[in-house]
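Novice: let's see this in three dimensions:
(one chain, ligands or ions: 1)
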Amino acid sequence: MTASIPAGGAAAQAWARAAQRALAADLPHQLRQRGASILVPSKSADGVTYHVALVNGQAGACDCQAALNGRAACAHRAAVALRLAEREAGIRITAIKSADVVQRFVRAA
Ligand SMILES: [Zn+2]
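Specialist: This is a model prediction of the structure:
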């Protein structure tokens with residue numbers, strides 16, 4: 001009984017956790033677009049904004065420290081992917097059962 005652990009491999013689990021962090025902070029609904037970048041507010045630092053590239057309808061690279069350190073699954077990219085998934089499905093996502101919905105909208109590195 002491991003229902004609390006997201007299905008899939010390590011990458012899927014990392015994306016599920018990133019999506020949960022994004023949802024907990026309501027990041028998908030605090031996004032703004034500037035050109036080809038989506039601006040995502042920092043969860044921890046007031047006034048700090050990160051930039052996620054929008055590439056072919058997917059969340060591309062992020063410029064946060066975690067991403068710069070090589071962590072693909074940051075909450076900012078997950079927030080953008082969640083918003084893209086919401087727009088496609090026409091629903092508001094409040095929780096995710098699997099990382100699939102997020103990973104579909106994340107551009108592979
Ligand atoms: Zn990030």
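
Novice: list the buried ones in the longest strand along the chain?
Specialist: When the chain is parsed with DSSP state E, its longest strand is strand 49-55. Neighbour-count burial for strand 49-55, counted by 16 or more other Cβ atoms under 10 Å, picks out T49, Y50, H51, V52, A53, L54. Where C-beta positions appear, they are placed from N, C-alpha and C, glycine not excepted.

Novice: how far does that strand sit from the chain's center?
Specialist: On the basis of Cα atoms, centre = their mean, to the nearest Å, strand 49-55 sits 10 Å off its chain's mean C-alpha point.

Novice: next: stretch 92-109.
Specialist: Taking mean C-alpha positions (Cα atoms, centre = their mean), stretch 92-109 and its chain are 7 Å apart.

Novice: also stretch 55-62?
Specialist: From the chain centre to the centre of stretch 55-62 is a distance of 10 Å (Cα atoms, centre = their mean).

Novice: how about the residue nearest the centre of the chain, what does it touch?
Specialist: Most central in the chain under Cα atoms, centre = their mean is A78, positioned 0.6 Å from the mean C-alpha point. For A78, the contacting residues are W15, A18, A19, R21, A22, L27, A59, V102, V106, by Cβ atoms under 8 Å, 6 or more residues apart in numbering.
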